[in-house]
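Chemist: following is a predicted model, sequence given first.
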Amino acid sequence: MALRDNVIVGYAEAKNVLRSGRDVWDFAAEILDALLAQTQLDREEIDGVILTPSLTGASTAFWQQSTLDFLGLETDFSDTTDLGGCSAIGGVARAAAALDAGLCQTVVLINADTPSSEDRFQHRSFVQEWTDPCGLLGPPAAFGLLSRRYQHQYGLDFEALAKLAVTQRTHALMNPNAVEKLRRPLSVADYQHSRMIADPIRLLDCVMPCDGANGFVMMSRKLEYPLASARFRLIMTNPLAP
């Protein structure tokens, strides 16, 4: 089936907030409620759940089980996709594989985290052993090193880097769920005058931790679900559609 016989029939996104003070499962519940209302599914019809790791909640070894308990879900299939910043996209591929394999019929994918309110993340592994002792602290430092090497070999167009930040800020201006602090226009000049963090990486190249959540519902295209085709077209045309 090559993972192509499935569709996204629902999408929900919570308001991203800096230091919201909310619990990570509160965000997850908001997403689940919104997805159920949008797709007109009953909670009992959800038989698959895929989560992304949470810098707050995943510090427990029972992250999946705790989340299912708090959300009142009983599933035949559950998974956590641990791929860092690519986890949400990787979860879509895993959901498609689970649907193709017949492990479940209706999968909810939930990406929720509250790191700006309560961050329990520990790198461990190679980070503490090989990078922290060298002073390579965090992604900005690592990408500064990589960018400096790229600049040495190929040259680096700083206006091109600026355009990336400006484009992302433009997207935030169009999204009412973006962090309010970032819903302000940004120019190339603003980027070029922002504080240097790890040369050549500037402040406006960096990700700002915040609290928020989003999620999807995925189903087999072959399943007799009346909203599947229409909802799939809606989501692909306007991902912010209610």
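Modeler: Cool, got the structure.
Chemist: in terms of pLDDT, where does the residue nearest the centre of the chain sit?
Modeler: The residue lying closest to the centre of the chain (Cα atoms, centre = their mean) is A88, at 4.8 Å. Residue-level confidence at A88 comes out at 91, pLDDT.
Chemist: dihedrals phi and psi, Y11?
Modeler: Main-chain dihedrals, Y11, degrees, to the nearest 10: phi -150, psi 140.
Chemist: any idea of the pLDDT on it?
Modeler: Here the pLDDT value assigned to Y11 is 95.
Chemist: shouldn't it be in contact with M218?
Modeler: No. If you go by Cβ atoms under 8 Å, Y11 and M218 don't touch, sitting 10.3 Å apart. For glycine as for every other residue, the C-beta is placed from the backbone atoms N, C-alpha and C.
Chemist: returning to what we had before: leaving out chain neighbours, which residue sits closest to the residue nearest to the centre of the chain?
Modeler: Once its chain neighbours are removed from consideration, A88 has its nearest residue in N111; the separation is 4.8 Å (Cβ to Cβ, 6 or more residues apart in numbering).
Chemist: I'd say the one you found and V92 touch.
Modeler: No. Proximity of N111 to V92 does not meet the contact threshold set by Cβ under 8 Å, at 10.6 Å.
Chemist: of these two, give the one with the bigger neighbour count.
Modeler: In terms of neighbours (other Cβ atoms under 10 Å), N111 is the more surrounded of N111 and V92; the figures are 23 against 18.
Chemist: relative to A189, how far out is A58?
Modeler: When distances are taken as Cβ to Cβ, to the nearest Å, A58 and A189 turn out to be 40 Å apart.
Chemist: quick one: the helices in the chain?
Modeler: Assigned by DSSP state H, the helices in the chain fall at 24-39, 63-71, 87-100, 125-126, 138-154, 158-174, 188-192, 228-237.
Chemist: please identify which of the ones you listed is closest to P209.
Modeler: Shortest distance between P209 and the helices of the chain, using Cβ to Cβ, is found for helix 138-154: 11.0 Å.
Chemist: between that closest one and helix 158-174, how big is the angle?
Modeler: What separates the directions of helix 138-154 and helix 158-174 is an angle of 140 degrees, with axes from the mean of the first three to the mean of the last three Cα atoms, to 10 degrees.
Chemist: show residues contacting helix 138-154.
Modeler: Helix 138-154 has contacts (Cβ atoms under 8 Å, 6 or more residues apart in numbering) with T131, G135, L136, L156, I197, A198, D199, P200, I201, D205, C206, V207.
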